[in-house]
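> Prediction below, plus the sequence it came from.
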Amino acid sequence: MSTAFTFQLVLILATLLCSLVAGFLFAFATVVMPGIKTLGDREFIRAFQVIDGVIQNNQPIMVAVWMGSIVAAVTAAGLGFGQLAGMQRLLLIAAPLIYILGVQLSTFTINVPLNNRLQALNVDAMDAPALKAARRNFEPGWNRWNLVRTPFASLASVLFMILLFSL
């Protein structure tokens, strides 16, 4: 298998996986969080704990998509760097950088720590003011950063698509 063919396959994989992550973040921004926002504090926290628990329990497909998107994006950049020039090389560098800095960095430094703090709560042992405070310390910041991650993931996917169509 030639290096050019391998690069194209990895680029297709990176595009697909980053697009799946973008769709996942978009679904949270437009459906999941607005849907559970209508719940009371205890129910909201518990619902998020359950949803996040599926993800954090290393759901194999989710792990493969999420971690695979990082590996594929970086691998595509490494494989294609010497093969491309000009605008194509710029797209090849920009897409993974935007994806890693705009999506993955905030995910692992902001959203996941917020998830972990919420995961650690025992909602059955909390009174109403504690539940309200926990939600207030979670929901606005989590949503804000998800609204940052979503367009960056979408932009990276679009840049990968533009690159694919230019080959």
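Yes, it's here.
> Can you give me the separation between Val21 and Ala125?
35 Å (C-beta to C-beta, to the nearest Å). In this view, the C-beta of every residue, glycine as well, is placed from N, C-alpha and C.
> higher neighbour count, these two?
Between Val21 and Ala125, Val21 has the larger neighbour count (other C-beta atoms under 10 Å), namely 27 against 7.
> What are the buried residues along stretch 105-125?
Of all the residues in stretch 105-125, those buried under the rule 16 or more other C-beta atoms under 10 Å are Ser106, Thr107, Ile110, Asn111, Leu114, Asn115, Leu118, Leu121, Val123.
> what residue lies at the spatial centre of this protein?
Most central in the chain under C-alpha atoms, centre = their mean is Val21, positioned 5.0 Å from the mean C-alpha point.
> Check the chain for its longest helix and report it.
The longest helix of the chain (DSSP state H) is helix 128-166.
> List the contacts of Thr6.
Residues in contact with Thr6 (C-beta atoms under 8 Å, 6 or more residues apart in numbering) are Leu79.
> Which element, helix or strand, includes the residue nearest to Asn137 when sequence neighbours are not counted?
Distances taken as C-beta to C-beta, 6 or more residues apart in numbering place Arg117 nearest to Asn137, at 7.7 Å, with adjacent residues excluded. Taking DSSP states H and E as the criterion, the element that holds Arg117 is helix 112-119.
> Perfect, I'm done here.
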